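Trainee: Need the 3D shape of this:
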Amino acid sequence: RENASNAIFHFVNAPPKSISPTEKKYLIKTLHSSLDDVCSAVRRYAGASLFQMAYNNESNDVTLMLTHEDGTLLSTLVVLLQNDPNSKSRANAVWILFYCACSEKKSNVELLGDQNGLLDALAGAICDDTCAEVRTAAAKALRKISETINPNMKSHEALLSSLLKASARWNDIGHDYYEEESGNSMESYDDSIGFGCFLSESSKQKQ
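Mentor: You can find the predicted model right below:
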């Protein structure tokens, strides 16, 4: 299984090929099932493959990922982010969410916001994850989603709650902590400032 998932990873990372939508759906299905594998290496390779597909930022591919089996792939990514003991698997999961949030299609970002528990999971990762990369990626993902979600969308309340949770925690921890932990805090700290800005702006829009 590890060799097969590694082969798929290299296939996805190779120069673009002509793959039909049906074949892409099957590829996503295979990778999705591999995210639940008991072997951490298989989970990492599967996550890295999905990461590459999201990173390529082809809107149709991102839509296929987000709508796979009525959002079950997103549910799995949330579970990985919250519970996987391997930090690389958690990092893959949250980077996938970030690059999906970079989609040019607003409807794709709305799907992220509408996914049950996703925004709260990002805020939770910012607050509590032991891996600096996961915390930073979660900060970027939540901030990116915040750029699209507005008061007319059903996920706006969940967004406000998540921004408040994340912003309060970042303020408690402070800049020096992240500088010491990650060695790359300025980018992360800028995201924390962004939380406050988006929280303020979203609250004004709601009023």
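
Trainee: Could you report the neighbour count for Thr130?
Mentor: 9 (other C-beta atoms under 10 Å). Heads up, the C-betas are built off the backbone N, CA and C, glycines and all.

Trainee: and it, which of the three is it?
Mentor: coil (DSSP: H, G, I helix; E, B strand; the rest coil).

Trainee: quick one, phi/psi of it?
Mentor: Main-chain dihedrals, Thr130, degrees, to the nearest 10: phi -80, psi -10.

Trainee: what sits against it?
Mentor: Contacts for Thr130 were tallied using C-beta atoms under 8 Å, 6 or more residues apart in numbering; they are Ser87.

Trainee: Now do it against Val78, distance only.
Mentor: Distance, Thr130 to Val78, using C-beta to C-beta, to the nearest Å: 18 Å.

Trainee: pretty sure Phe98 contacts Ala137?
Mentor: Yes. Phe98 is within contact range of Ala137, at 5.7 Å (criterion: C-beta atoms under 8 Å).

Trainee: Looking at these two, which has the bigger crowd around it?
Mentor: Ranked by neighbour count (other C-beta under 10 Å), Phe98 and Ala137 place Ala137 first, with 28 against 24.

Trainee: Quick check, pLDDT for that one.
Mentor: Note on Ala137: pLDDT of 92.
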